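K.L.:
Show me how the following folds:
(2 chains)
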There are 2 protein chains.
Amino acid sequence: MCGDRTTVNGTAVSTEKPLHKRTPYESVGDFLSNTSNFKIIESTLREGEQFANAFFDTETKIKIATALSDFGVEYIELTSPVASQQSRDDCEAICKLGLKAKILTHVRCTMEDARVACDTGVDGVDLVIGTSSFLREHSHGKDMVAIEKAAIEVINYVKSRGVEVRFSSEDSFRSDLVDLLQLYRAVDRVGVNRVGVADTVGCATPRQVYDLVRTLRGVVSCDIEVHLHNDTGCAIANSHAALEAGATHIDTSVLGIGERNGITSLGGLMARMMVGSREYVMSRYKLHKIKEIEDLVADAVQIAGIHAKAILANPSTYEILSPEDYGLNRYVHFASRLTGWNAIKSRVEQLGLSMSDAQVKEVTAKIKLMADIRPLAIDDTDSIIRSFHLELQEQKN
Amino acid sequence: MCGDRTTVNGTAVSTEKPLHKRTPYESVGDFLSNTSNFKIIESTLREGEQFANAFFDTETKIKIATALSDFGVEYIELTSPVASQQSRDDCEAICKLGLKAKILTHVRCTMEDARVACDTGVDGVDLVIGTSSFLREHSHGKDMVAIEKAAIEVINYVKSRGVEVRFSSEDSFRSDLVDLLQLYRAVDRVGVNRVGVADTVGCATPRQVYDLVRTLRGVVSCDIEVHLHNDTGCAIANSHAALEAGATHIDTSVLGIGERNGITSLGGLMARMMVGSREYVMSRYKLHKIKEIEDLVADAVQIAGIHAKAILANPSTYEILSPEDYGLNRYVHFASRLTGWNAIKSRVEQLGLSMSDAQVKEVTAKIKLMADIRPLAIDDTDSIIRSFHLELQEQKN
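P.N.:
Next up, the predicted model:
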């Protein structure tokens, strides 16, 4: 009677599984909470690619994706196949690996992007509205109708391809709440799989995250994903607050790498969730593989692991704040395959050169081509811009 | 009428100062909130000294204290003068600098410690109950009466010396709430300046911090300080939640250094508070000095700044969790001037040596003396222990 087994009505019953042990650090466990029932969307190969020093070649991407899938993340999100030819090839290659994790790609909410995304063979497409200004205060009702119509068209298309679909806004916390809820309710009604809430500038507090997700939870019946930047050091706490409020999916990256000082780190989220949801975490994720994955990604971003972590440790790049307040200069990262032509346009202007928009787009394409081959420093990009400008001058003369 | 100045009743009135601009990221601003009215207790020279690689000589301590005071922190907390002779000398030296910041020292809640602390010339004494087990569940009413009586005696003594006094428990979130509130109410009634809430294991969530501080705010009328560890990546968010709930003082350290992966970082707190309380932060703290202070401390802990930050970036030392879950070994830090004899005792046992408690205390004193001179690696400590043990053997023979 004092072993692991006992007998009830003559049948041996295992009592090995301990009763749920209460800890004073348990998360608020009401009916909304998903702190013991969440999924990870691992975005090292999308958000992480936007990190200042990130350059992942095909082999590295495959290694990272495989390691993440082995670790147990439910989803792996990849850079848009529209970003560059290499991004597209890599996306197709990773889809063909047959990993346990589902493969997603993150594209603008347009028919062309959605079509290219579906053609790569992904399991799901993460749609994002191109610019947050759509949802800012003072947006016109007319715009909202148009956005909603466009969104529904793209969502229906992705669903018709038999592919999972998420719809997200950028900068959700600075969006007009009523417009946001209306739009999300509309996409929920046409059967979107998930809606996404993004703290793009990384300035939300846990209470704000809780409140927005809780409100949204009452409006849509689909899953809710959160994408939380770490500019003010709250990404992990905000992720936890989102789960308490009913979010179902958390975006992470290894070491938290991403734009500026990144997003919720995979390792940090694991530490947070282990405290209150140990059994759930242990049942899904192979924690002993974390260090190996962190080392892999640190190597891949071509800096010591220590350095990669360092940049993310302290919110010392304050994008929403003025770097001058801190005696720092703003670092503009524009030389990667993900670079938009507007960034190049502003660099052309900084260099004091004159080009038409069409010409800027042409040189941007050259830069992207080069960025597929090797990581570009500012000097490299400047060289490409200058030599292109020289060609233009020569053509004129 | 469209310039910076306008006229009211014939008097020029400046309209330069912009009206308070609302941001969607503003903190909850109810009557409890101190998000725009907080003070910093900078603990790099106390909590930070417990960081694995920290070794601050007198000159460095003076540099750090001076830089922090110039930066604008309201309080600087120093290691207990009881920890070692050097700690005591340094405490006295820093008190004599006449810095703008008030100087505090952190001691056990005993008459001897309080007496030594007051003798150093500090502006305030931070009392902490020696062990959290006092306030654990199942503590007996009798113990509580004794603790309360002892606490009041020490507090009255410190006050009689004309010195500010704070009273704090360790591990407040795992303490019995009723006992904690009763004790804090009692010390509040005898005029303690502040009570402190500590998340010693770094596992509280923002909601838990908010709830405990909010409850305490209704019980005591004195100031409330929070000391929040970062094991699960929530220290900054928890500090913010504490201020929303009515806390008045936040403990920080530069780069967040402290035991395991540290506490709320000074730079991180600044980033967080700048978002919603920009004017307050700018009026009190010289943000442009942050980088210099971070570099100073990084150098002082004898590792690249990058490395110091790295260790704190990712909650990858999970003291409350089992390191084995992560495929890591527990790192035991015991060789510093802050080392207690119990840590040495366990090392003596690990080395397979036999000593009485009195002998362990004797060798601990030797180690502390050596640790005042230079940082000790495990090998150094082992050598001291072994040679002491050899002496004992020789005495026997």
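
K.L.:
Assess the claim that A:I224 and A:V192 are in contact.
P.N.:
No - using Cβ atoms under 8 Å, A:I224 is not in contact with A:V192, being 10.9 Å away. Backbone N, C-alpha and C define where each C-beta goes, glycine included.

K.L.:
near chain B, which residues of the stretch 101-250 of chain A?
P.N.:
Taking Cβ under 8 Å from any Cβ of the partner chain as the criterion, the stretch 101-250 of chain A approaches chain B at residues A:173-174, A:203-208, A:210, A:231-238, A:240-241, A:244.

K.L.:
Among those, which lie within helices?
P.N.:
Using DSSP state H, the members of these that fall in helices are A:206-208, A:210, A:235-238, A:240-241, A:244.

K.L.:
Using ChimeraX, define a selection of the buried residues within the residues of the stretch 101-250 of chain A next to chain B.
P.N.:
This is how ChimeraX selects the buried members of these, with burial counted by 16 or more other Cβ atoms under 10 Å in any protein chain shown:
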select /A:173,174,203,204,205,206,207,208,210,231,232,233,234,235,236,237,238,240,241,244
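
K.L.:
Can you name the next helix or strand after the helix or strand bottoming out on mean pLDDT in chain A?
P.N.:
Comparing every helix and strand of chain A by mean pLDDT, DSSP states H and E singles out helix A:305-313 as the least confident one, with a mean of 37. Reading on from helix A:305-313 to the C-terminus, the next helix or strand found by DSSP states H and E is helix A:341-350.

K.L.:
Could you look up the next helix or strand downstream of that following helix?
P.N.:
Elements were assigned by DSSP H and E; along the chain past helix A:341-350, the next helix or strand is helix A:357-373.

K.L.:
Can you give me every residue that contacts the residue nearest to A:V348 when sequence neighbours are not counted?
P.N.:
With sequence-adjacent residues excluded and distances taken as Cβ to Cβ, 6 or more residues apart in numbering or on different chains, A:V348 is closest to A:M355, at 5.4 Å. Contact partners of A:M355, counting by Cβ atoms under 8 Å, 6 or more residues apart in numbering or on different chains, are A:345, A:348, A:363, A:389, A:392.

K.L.:
Reformat those residues as a markdown table; add neighbour count.
P.N.:
Converted to a markdown table, these look like this (neighbours: other Cβ atoms under 10 Å in any protein chain shown):
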| residue | neighbour count |
| --- | --- |
| A:K345 | 18 |
| A:V348 | 22 |
| A:V363 | 25 |
| A:H389 | 17 |
| A:L392 | 16 |
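
K.L.:
right, and out of the residues you listed, which lies closest to chain B?
P.N.:
When those are ranked by distance to chain B (Cβ to the nearest Cβ), A:K345 comes first, at 28.9 Å.

K.L.:
Wait, the closest one touches A:V360, no?
P.N.:
Yes - judged on Cβ under 8 Å, A:K345 makes contact with A:V360 at a distance of 4.6 Å.

K.L.:
Give me the below-cutoff pLDDT ranges for the stretch 251-397 of chain A.
P.N.:
Per-residue confidence for the stretch 251-397 of chain A (pLDDT under 70) gives these ranges: A:302-340, A:370-380, A:397.

K.L.:
Under the pLDDT cut-off, which ranges of the stretch 51-200 of chain A? List them.
P.N.:
Counting by pLDDT under 70, the stretch 51-200 of chain A shows low-confidence ranges at A:52-53, A:130-142.

K.L.:
In it, which residue sits closest to chain B?
P.N.:
At 5.0 Å from chain B, A:R174 is the closest residue in the stretch 51-200 of chain A, using Cβ to the nearest Cβ.

K.L.:
Excluding residues flanking it in the chain, which one is nearest that residue?
P.N.:
Distances taken as Cβ to Cβ, 6+ apart place B:P24 nearest to A:R174, at 5.0 Å, with adjacent residues excluded.

K.L.:
same check, this time on A:A101
P.N.:
The spatially closest residue to A:A101, leaving aside those adjacent along the chain, is A:S69, at 3.9 Å (Cβ to Cβ, 6+ apart).

K.L.:
Does that neighbour touch A:K100 like I think?
P.N.:
Yes - A contact is recorded between A:S69 and A:K100 when judged using Cβ under 8 Å, the distance being 5.1 Å.

K.L.:
Please identify which of the two sits among more neighbours.
P.N.:
Set side by side, A:S69 and A:K100 give different neighbour counts by other Cβ atoms under 10 Å in any protein chain shown, the larger being at A:S69 (21 against 11).

K.L.:
quick one: which helix or strand includes the more buried one?
P.N.:
Under the criterion DSSP H and E, the helix or strand holding A:S69 is helix A:58-71.

K.L.:
buried residues in that helix?
P.N.:
With burial defined by 16+ other Cβ under 10 Å, the residues of helix A:58-71 counted as buried are A:60-69, A:71.

K.L.:
shouldn't A:D382 be in contact with A:R347?
P.N.:
Yes - because the distance of 7.5 Å satisfies Cβ under 8 Å, A:D382 is recorded as touching A:R347.

K.L.:
burial measure for the closest residue to A:K39 other than its chain neighbours, as a count.
P.N.:
What sits nearest to A:K39 in space, not counting adjacent residues and going by Cβ to Cβ, 6+ apart, is A:E74, at 4.2 Å. Look at A:E74: counted by other Cβ under 10 Å, it has 16 neighbours.

K.L.:
so what's A:E74 up against?
P.N.:
The neighbourhood of A:E74, defined by Cβ under 8 Å, 6+ apart, consists of A:39-41, A:101-102, A:249.

K.L.:
What subset of those residues is buried?
P.N.:
For the contacts of A:E74, a neighbour count by 16+ other Cβ under 10 Å gives the buried set as A:39-41, A:101-102, A:249.

K.L.:
Pull the most distant pair out of those.
P.N.:
Across the buried ones among the contacts of A:E74, the two members that end up farthest from each other (Cβ to Cβ) are A:A101 and A:H249, 12.8 Å apart.
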